[in-house]
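> Pasting a predicted model and its sequence here:
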Amino acid sequence: MFVDQVKVYVKAGDGGNGSVAFRREIYEPKGGPAGGDGGNGGDVVFEVDEGLNTLMDFRYQRHFKAKRGENGMGKSMHGKNADPLKVSVPPGTTVKIAETGEVIADLVTHKQTAIIAKGGRGGRGNIRFTSARNRAPEIAENGEPGEELEVQLELKVLADVGLVGFPSVGKSTLLSTVSAARPKIADYHFTTLAPNLGVVETSDHRSFVMADLPGLIEGAHEGVGLGYQFLKHVERTRVIVHVIDMSSFEGRDPYEDYVTINRELKQYDQRLEEKPQIIVANKMDMPEAENHLQGFKEKIDADIQVYPISAFTKEGLHDLLFAIADLLDKTPKFEMQEEKEEERVVYRHKQEEDDFKITRDSDGAYVISGNKIERLFKMTDFSHDESVQRFSRQLRKLGVDNALRKRGASDGDTVRLLDFEFEFIE
Ligand SMILES: Nc1nc2c(ncn2[C@@H]2O[C@H](COP(=O)(O)OP(=O)(O)OP(=O)(O)O)[C@@H](O)[C@H]2O)c(=O)[nH]1
């Protein structure tokens, strides 16, 4: 199996901020609270699209950010929730947390979805802080920050296309000119020899995986040379691209080469003869190549199409890639047996939230950090005194005051939390 992989950054939308507002009515100078809640931020959702078979698209876009929720407004109006951001992935994509390697989703069947980053909850408006004791609260929450993380996408790929042909016909040159991404080759079963693999993309954004299967020579099916190892791979490809050297290098005859390779394929496995095949006439930039091509065409069936190219000058590559993609579209997909077993979606275990931690900076300031406390901080609307007071109550409840005291903090000492500084007061 080969593994195509890419790292992407996802950020769910932050929640919208809650609003502080009051009703204004002619006969009621200071009406009740009327600040609405902020809307929820959008989730980042991965969805399987069976039309995709590589992670090619992620080479161009690696950042995915969902929208934030709308802020709450006066007159008790809530902000709108943001729509989830959908990101299409091919079937068989495994999503891991880049940092830890923990698998958070295994996306297998068409339209299957998984929330990869959860949007932040909208902050509550001041209506929600009304109580018997405080009928006109000037408190609102900011929206909760959306989750953000770097994920590693992995896709096990089989080569859709196998390049076959005699040594030195230009297979590796062709592969390197048409492919951008090189999947990592992992866990190769048969031998330590691994074919070269590349992800190819046509100009109309169809992509497929192409493998260079070197070493085919006469007698390969009987174990001559290294070709035998690679014949196993040909079996697993969906389309064969047969590369022929039209320069007649070292006096070779293109037609004989063609017949010999096809015979090797067939002798290895009868069924390889029925595999769809595209014939490529390479090195057309060389003198005499045109003549050889004519001679070659006369010897093969008139209805077999030949694609003349030069892997060197890149001539003819565009048409060739289209022809391969068209043929693949008409050829049945691989049967992914192992993935048929069951629908596998592993959801992420929620990260344990540590309340807070106290450390000291070199200047003696006390530094408070930790997921929970930082989230509370970000959700505090510091433009209203009452909100700030609520935040200090929350700190006290979490035991921050006590902990600071225990660490030796006394009146007037500086305390830091993210980009905020305040004085410790006993
Ligand atoms: N003139 C010309 N030379 C080419 C072209 N394509 C490949 N070559 C040359 O042909 C030689 C063999 O090319 P490779 O790509 O290594 O051939 P290969 O089929 O991968 O060979 P093996 O790995 O031995 O199976 C190299 O010297 C290439 O530079 C082409 O389109 N025109």
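Happy to help now that I have it.
> For residue 235, which non-adjacent residue is closest in space?
residue 269 (6.1 Å; CB to CB, 6 or more residues apart in numbering). C-beta: built from backbone N, CA, C; applies to glycine.
> whoops, residue 88 was the one
Nearest-residue entry for residue 88: residue 49, 4.0 Å, with adjacent residues in sequence omitted and distances by CB to CB, 6+ apart.
> picking that back up, got a pLDDT number for the residue nearest to residue 235?
pLDDT recorded at residue 269 is 83.
> about what we covered before: mind checking how far the residue nearest to residue 88 is from residue 89?
7 Å (CB to CB, to the nearest Å).
> and the stretch 151-300 of the chain, which residues reach the ligand?
165, 167-173, 214-215, 282-283, 285-286 (CB under 6 Å from any ligand atom).
> Pick out the most distant pair among the residues you listed.
For these, the farthest-apart pair by CB to CB is 215 and 285; their separation is 24.9 Å.
> Those two: which is more packed in?
residue 215 (20 against 15; other CB atoms under 10 Å).
> Residue 376 - how many residues pack around it?
20.
> Contacts made by the helix or strand containing it with the rest, please.
Using DSSP states H and E, residue 376 sits in helix 371-378. With contact meaning CB atoms under 8 Å, 6 or more residues apart in numbering, helix 371-378 is reached by 142, 144-145, 351, 353-356, 391, 394-395, 398, 400, 417-418, 420.
> rerun that using 10 Å as the cut-off
With contact meaning CB atoms under 10 Å, 6 or more residues apart in numbering, helix 371-378 is reached by 14-15, 120, 123, 141-145, 351-357, 368, 370, 390-391, 394-395, 398, 400, 417-420.
> Tell me what angle the helix or strand just after that helix forms with helix 371-378.
Using DSSP H and E, the helix or strand that follows helix 371-378 towards the C-terminus is helix 385-398. Angle between the axes of helix 385-398 and helix 371-378 is 170 degrees (criterion: axes from the mean of the first three to the mean of the last three CA atoms, to 10 degrees).
> OK, contacts around the residue sitting nearest the centre point of the chain?
Geometric centre of the chain, nearest residue: residue 153, 4.8 Å, by CA atoms, centre = their mean. Applying CB under 10 Å, 6+ apart, we find residue 153 in contact with 4-8, 46, 55, 58, 87, 89-90, 93-96, 98, 105, 107, 116.
> Determine the three-state secondary structure at it.
Put simply, residue 153 is strand when judged by DSSP: H, G, I helix; E, B strand; the rest coil.
> which regions of this structure sit below the pLDDT cut-off?
1-2, 26-30, 181-195, 215, 223-230, 334-353 (pLDDT under 70).
> re the thing from before, buried sites along the helix holding residue 376?
373, 376, 377, 378 (16 or more other CB atoms under 10 Å).
> distance of residue 167 from residue 220?
Applying CB to CB to residue 167 and residue 220 gives a distance of 11 Å.
> Which one's more surrounded, these two?
A count of neighbours by other CB under 10 Å puts residue 220 above the other of residue 167 and residue 220, at 23 against 13.
> mind checking the backbone torsions on that one?
Phi and psi for residue 220, reported as degrees, to the nearest 10, are phi -60, psi -40.
> wait, it sits on residue 266?
No: using CB atoms under 10 Å, residue 220 makes no contact with residue 266, being 11.7 Å away.
> ok, back up a step: just the closest of the buried residues of helix 371-378 to the ligand, please.
residue 378 (55.9 Å; CB to the nearest ligand atom).
> Please report the distance of the closest one from residue 102.
Distance from residue 378 to residue 102, by CB to CB: 25 Å.
> Residue 39 touches residue 81, doesn't it?
Yes: contact criterion CB under 10 Å: residue 39 and residue 81 qualify, at 4.3 Å.
> Just want to know which of the two has more residues nearby.
Ranked by neighbour count (other CB under 10 Å), residue 39 and residue 81 place residue 39 first, with 26 against 20.
> circling back: from the residues of the stretch 151-300 of the chain next to the ligand, which ones fall inside strands?
residue 282 (DSSP state E).
> Any chance of a ChimeraX selection covering the buried ones in the residues of the stretch 151-300 of the chain next to the ligand?
Listed next is the ChimeraX selection for buried residues among those, using 16+ other CB under 10 Å:
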select :165,169,170,171,173,214,215,282,283,286
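> contacting residues for residue 366?
Neighbouring residues of residue 366 by CB under 10 Å, 6+ apart: 358-360, 400, 403-404, 407-409, 413-417, 424.
> let me redo that: residue 419
Residues near residue 419 by CB under 10 Å, 6+ apart: residue 377.
> For it, give its distance to the ligand.
56 Å (CB to the nearest ligand atom, to the nearest Å).
> Residue 16 now?
In terms of CB to the nearest ligand atom, residue 16 sits 57 Å off from the ligand.
> What is the burial count for that residue?
31.
> Would you mind measuring from the closest residue to it other than its chain neighbours to residue 145?
Leaving out its chain neighbours, the residue that sits closest to residue 16 by CB to CB, 6+ apart is residue 38, at 2.8 Å. Here residue 38 is placed at a distance of 12 Å from residue 145 (CB to CB).
> Have a look at the two and say which one is more surrounded.
Using other CB under 10 Å, the more surrounded residue of residue 38 and residue 145 is residue 38, with 33 against 20.
> Specify the residue ranges that define each domain of the protein.
2-155, 158-331, 357-423 (automatic domain parsing).
> Just say which of the ones you listed is most tucked in.
With neighbours defined as mean count of other CB atoms under 10 Å, these peak in mean count at domain 2-155, which reaches a mean of 20.
> Quick check: residue 19 vs residue 125, distance?
Counting by CB to CB, the gap from residue 19 to residue 125 is 5 Å.
> list residues touching both of these two?
The contact lists of residue 19 and residue 125 share 33-38, 71-74, 76-79, 140, where a contact means CB under 10 Å, 6+ apart.
> Let me see the contact set for the closest residue to residue 399 other than its chain neighbours.
For residue 399, the nearest residue in space outside its immediate sequence neighbours is residue 355; the separation is 7.7 Å by CB to CB, 6+ apart. When contacts are counted by CB under 10 Å, 6+ apart, residue 355 touches 370, 371, 372, 373, 376, 398, 399, 400, 403.
> Ok, residue 96 next?
Applying CB under 10 Å, 6+ apart, we find residue 96 in contact with 5, 7, 102, 103, 104, 105, 106, 150, 151, 152, 153, 154.
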